[in-house]
Structures are given as C-alpha cells and as structure tokens.
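need a 3D model of the following:
(chains A, B, C and D)
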2 protein chains.
Amino acid sequence: MSQTQAVLRALAEPRRVAILKLVGSRELRAGEISRQFRTTRPAISQHLRVLTKAGLLTERREGTRRFYRIRREGFAELRSFLDSFWTERLGVLKEEAEKEARSTRGR
Amino acid sequence: MSQTQAVLRALAEPRRVAILKLVGSRELRAGEISRQFRTTRPAISQHLRVLTKAGLLTERREGTRRFYRIRREGFAELRSFLDSFWTERLGVLKEEAEKEARSTRGR
DNA sequence: GCCGAATTTAAGTTGACACTAACGAAAGCG
DNA sequence: CGCTTTCGTTAGTGTCAACTTAAATTCGGC
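Modelled structure (predicted):
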C-alpha cells in the first residue's frame, strides 16, 4: 500500500484528525490526549499507532510516558498528491491510472 | 459531517482514487470507467456517487449516458485544511481541536 | 408502443475496522 | 521487593461500507 493511501486512510477517521489538531500546537502525553475524549485509552492508543505508522506523528519515550507530536513532513507527500489533481499536470496521472486499472482489469 | 471529512473518506478508498486519476484528463462515461476495472458496474456506480457527493466529480447527462469529469474546486477545501497542518498557523487549530474534544469529552 | 442499451437503485452478504474489557509490560517510588 | 502509574497489546464484538445479484429506470430507435 502506498504511503499516500496510508495517510488518506489515517485521516479518514474524524477522531484521528481531532488528535492531530490537539497535538499540532504542543507535544502531549498519551494520557493527556485520551483524557480529552470520551473513549477509552486503548482506543486512542490504537489511533496513535495508526497515525504514527502513517508518518503523521512522532513518538518520544521518557520513562513510562510517551509524548506525541505532529510530524509535518508526513503531510508533504499527500500535498503533492493533491496538487497533481489540482494542477493540470495530468499526463503522469493518466499513466498511473491506466497502470493501476490494468492490474485489476480483465473481465 | 464536514465537507473536508467527506472528501477524506472518499479518497481513503484506493479504487476511488484510481477513478479520479482516470477522469482527470478527460471526461468519461460510466461504462468506460467500469470497464477498466475487474468489478461490476454497480460497484463503480456507487463509487461515482460517493465522489460526486464529496464534490470531487461532476456528472453530465446526455440521454441515457452519464459523463463524469473531475471537479478541481472540490480539492480546494482539503488543500487549505492540509496547509493548516503544514504551516504554523496553529492558534486556530488549537481552538478547533478543543472545541471538538469538548463535544465528546466527559469521563 | 415495444425492445435493447446504459446506468442506477435495492436487497443481502461479507470483510474491515473502531471500539471495549481484560491483561501485560515497563518504569518510578517507598 | 511490592505497589502504583502510565501506557500498549490482545481477543472478542458490533457496526459500517464495499461488493454482488437482481430488478427498476430512463432514454433512443425502429
């Protein structure tokens, strides 16, 4: 799975977006994050893992505590992906689309 | 549900991204699109509806045929959303996050 | 008006994933 | 060492959404 798709899937969940917003301004501990929501800690923990794996978050351990902070570079790839739709450079897109379609075609 | 989240959810599905790429360069009929994939026509039709509802596609009817074309403006909101993470304007983000968290907090 | 083509809608099934409850791990502290 | 705090992992459950098959809709042509 492409990194861009991983990012998109991570952002598709509203709660994960809310977490990113929280962590955008300052580093926060896992507990502080989960305390902001009505869900349980494990739920948030799983979201944190997905976000980290997608490259949108960095984790810093200090003893038994874990600090999370946004990782802005993680958005770069998605940004250029979006720009490829926004602008008119579509030759590349066309090729990609046809390549991808070829791999699942065949009826 | 916010429009941005609708767009994110629409893009989370790889097949829908592939459709967008196909339709990025030229207008295509529903049948032409579905013929590119291994799935059935109804499956593609449902994807087209999701994409249209998210504002990423425009539909043009001509007799019994329907033409689909990418709608670039649909990406604008998501772009500025992304930029808000990318850049340092985080005061707004912080407020939004806390407002959103408040609405689901309460343990 | 009937027939066929293009496409969507409806109904039902299945798989993915977000959630909860229980347990486990690792560090700090007395 | 035992106790507590902080956090993650595992196993199980429910819900939602993507898919398929079948039927309905909408239009054009004869």
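
CA atoms for contacts and neighbours, from now on please.
Fine.

enumerate the residues of chain A near DNA strand C.
Applying Cα under 7 Å from any atom of the strand, we find that chain A lies next to DNA strand C at A:13, A:15, A:38-40, A:42-44, A:47, A:63-64.

buried ones among those?
Neighbour counting by 16 or more other Cα atoms under 10 Å in any protein chain shown classes A:15, A:44, A:47 among the residues of chain A next to DNA strand C as buried.

need the contact list for the last one.
Taking Cα atoms under 8 Å, 6 or more residues apart in numbering or on different chains, we find A:H47 in contact with A:R16.

that older thread, which among the residues of chain A next to DNA strand C gets closest to chain B?
A:R38 (4.5 Å; Cα to the nearest Cα).

just confirm the closest one is within a helix.
No. Going by DSSP: H, G, I helix; E, B strand; the rest coil, the assignment for A:R38 is coil, not a helix.

what's the neighbour count on the closest residue to DNA strand D within chain A?
Here chain A gets closest to DNA strand D at one residue, A:G31, 3.1 Å apart by Cα to the nearest atom of the strand. A:G31 has 14 neighbouring residues, counting by other Cα atoms under 10 Å in any protein chain shown.

do A:R29 as well
If we define neighbours as other Cα under 10 Å, then A:R29 has 17 of them.

now do it against A:I19, distance only.
12 Å (Cα to Cα, to the nearest Å).

residue ranges in chain A under the pLDDT threshold?
A:88-107 (pLDDT under 70).

same for DNA strand D: which of the buried ones among the residues of chain A next to DNA strand C are within range?
Answer for those near DNA strand D (Cα under 7 Å from any atom of the strand): A:I44.

show me which residues of chain A sit near DNA strand D.
Close to DNA strand D, as judged by Cα under 7 Å from any atom of the strand, chain A has residues A:29-32, A:41-42, A:44-46, A:48-49, A:64-67.

mind checking which of those are in strands?
A:29, A:65-67 (DSSP state E).

what is the burial count for the residue nearest to the residue of chain A closest to DNA strand D when sequence neighbours are not counted?
Distance criterion Cα to Cα, 6 or more residues apart in numbering or on different chains; nearest residue to A:G31, sequence neighbours excluded, is A:R41 at 7.3 Å. A:R41: 16 surrounding residues under other Cα under 10 Å.

which residues does A:R41 contact?
A:R41 makes contact with A:31, A:34-35 under the criterion Cα under 8 Å, 6+ apart.

closest to B:L82 out of the residues you listed?
Comparing those against B:L82 with Cα to Cα places A:S34 closest, at 23.4 Å.

show me the contacts for that closest one.
Contacts of A:S34 by Cα under 8 Å, 6+ apart are A:40-41, A:44.

one more time with 7 Å
A:41, A:44 (Cα atoms under 7 Å, 6 or more residues apart in numbering or on different chains).

that one looks like it's in a helix, true?
Yes. Counting by three-state DSSP, A:S34 is part of a helix.

okay, and the beta partners of A:L28?
Assessed by DSSP bridges, A:L28 has beta-bridge partners A:Y68.

next, work out how far apart it and DNA strand C are.
Going from A:L28 to DNA strand C by Cα to the nearest atom of the strand, to the nearest Å gives 18 Å.
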